[in-house]
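Chemist: predicted coordinates and the sequence they were generated for:
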Amino acid sequence: MRVEQIAVFLENRAGRLAEVTEILSEAGINIRALSLADTSDFGVLRMIVDDHEAARKVLRDRGLTVAVTNVVAVEVPDQPGGLHHILNMMGQAGVNVEYMYAFVSRPGDNAIMIFRFSDTDSALALLRENGQKLADSRALRLL
């Protein structure tokens, strides 16, 4: 299933990330998973939050550049080879993984991997055909 992800574009300077977390904290928005990629000048903060619409609004109201994108959340067995199985399946089908990050809710449970695929529809079909368990936005908010 598709999951809504918030992407925030930030200047790469000390304290900028804390400003974002302060805004979300004050708004009562919980961050469930995140990834930060940077260059020398800017960074891209990608987050799964418990209320993406409220997060987008409050961050934009504070002057930040925000985008909402769809990603795929897949439950992956928390064991050797669990991730390899998914990546190998995608590679053989010609579906590129543009980026990914992990989210573990409790020790011993399955990991939840957040994927951005080059072809989301093909990736979802392939995952379903192979019996992979997908998580939706509601389930991620509850973990």
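Modeler: Structure received.

Chemist: and for the closest residue to residue 109 other than its chain neighbours, the neighbour number?
Modeler: Using CB to CB, 6 or more residues apart in numbering and skipping the chain neighbours, the partner closest in space to residue 109 is residue 78 (6.7 Å). C-betas here are computed from N, CA, C, even on glycine. For residue 78, the count of nearby residues is 16 (other CB atoms under 10 Å).

Chemist: pretty sure residue 78 sits in a helix.
Modeler: No - Residue 78: not assigned to a helix; according to DSSP: H, G, I helix; E, B strand; the rest coil it is coil.

Chemist: so which helix or strand takes in residue 71?
Modeler: Following DSSP states H and E, one finds residue 71 within strand 65-76.

Chemist: using PDB, write out every CA atom in that strand.
Modeler: C-alpha atoms of strand 65-76 as PDB (Å, rounded to 0.1, in the frame of the first residue of the first chain):
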ATOM      1  CA  THR A  65       9.400  23.900   1.500                       C
ATOM      2  CA  VAL A  66       7.400  20.700   1.900                       C
ATOM      3  CA  ALA A  67       6.300  18.000  -0.500                       C
ATOM      4  CA  VAL A  68       4.200  14.900   0.100                       C
ATOM      5  CA  THR A  69       5.200  11.800  -1.800                       C
ATOM      6  CA  ASN A  70       4.000   8.200  -1.900                       C
ATOM      7  CA  VAL A  71       6.300   5.500  -0.700                       C
ATOM      8  CA  VAL A  72       5.700   1.800   0.000                       C
ATOM      9  CA  ALA A  73       6.000   0.300   3.500                       C
ATOM     10  CA  VAL A  74       6.800  -3.400   3.500                       C
ATOM     11  CA  GLU A  75       7.100  -5.700   6.500                       C
ATOM     12  CA  VAL A  76      10.400  -7.500   6.200                       C
END
